[in-house]
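Visitor: A structural model of the following input is requested.
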Amino acid sequence: MEWNRDDFLVTDRQQDLDIETIHGYLHNSYWAKGIPRPVMERAVANSLCFGVYHASRQIGFARAVTDRATFAYLADVFVLEPYRGKGLGKWLVSCILAHPELQGLRRLLLVTVDAHELYRQQGFRALPQPERFMEIHDWNIYQSGT
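Guide: Residues are numbered from 1 along each chain as shown. Modelled structure (predicted):
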């Protein structure tokens with residue numbers, strides 16, 4: 001699938017992904033700080049991924065961890081700094097939500113520290129019963145070398 005807007009392109013073509021750009025960003029992000037490249041490559045290979053491109057250069061990314069039937073988790077959403085403020089993140093999320101393999105899902109989750117309003121505009125809401133959700137979360141897993 002691909003979507004075009006002005007000089008920008010969103011596509012789900014795995015072969016178009018710029019692994020250097022993705023790893024460069026995620027390795028320094030607050031949520032995946034220090035992620036080893038092989039771990040990131042495995043995550044990308046096992047997800048439905050979306051790249052945002054300008055003049056054939058990748059400038060954004062997101063992935064859906066999904067069974068493509070009932071559930072998806074939206075992860076690693078980013079747009080490089082020079083391209084922010086142009087509505088590209090919002091457009092990227094709308095493209096993801098329109099993808100045929102993500103239709104009819106019972107639940108789509110994400111976690112964000114600072115983009116709640118962007119996701120609200122796309123239909124996401126705070127968990128109505130957060131006490132039902134549980135997690136195992138190791139914030140320092142990439143720093144500990146495991």
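
Visitor: buried ones in stretch 39-54, by neighbour count?
Guide: Buried residues in stretch 39-54, counted by 16 or more other C-beta atoms under 10 Å: M40, A43, V44, S47, L48, C49, F50, G51, V52, Y53, H54. Using the backbone N, CA and C atoms, a C-beta is placed for each residue, glycine as well.

Visitor: hang on, I meant stretch 79-97
Guide: Residues V79, L80, L88, G89, K90, W91, L92, V93, C95, I96, L97 are the ones in stretch 79-97 that count as buried (16+ other C-beta under 10 Å).

Visitor: so where do the strands sit in this protein?
Guide: 2-5, 8-11, 48-54, 57-66, 71-79, 107-110 (DSSP state E).

Visitor: which one, of the ones you listed, ends up nearest to L118?
Guide: Among the strands of the chain, the nearest to L118 by C-beta to C-beta is strand 71-79 (8.9 Å).

Visitor: list the buried ones in the closest one?
Guide: Counting neighbours by 16+ other C-beta under 10 Å, strand 71-79 gives A72, L74, A75, D76, V77, F78, V79 as buried.

Visitor: dump these into a markdown table; add pLDDT and distance to E101 as well.
Guide: Shown next, in a markdown table, are those (pLDDT from 0 to 100; distance: C-beta to C-beta, whole Å):
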| residue | pLDDT | distance to E101 |
| --- | --- | --- |
| A72 | 98 | 9 |
| L74 | 97 | 13 |
| A75 | 97 | 16 |
| D76 | 97 | 18 |
| V77 | 97 | 17 |
| F78 | 97 | 21 |
| V79 | 97 | 22 |
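
Visitor: now do I96 against L26, distance only.
Guide: 17 Å (C-beta to C-beta, to the nearest Å).

Visitor: many thanks, have a good one.
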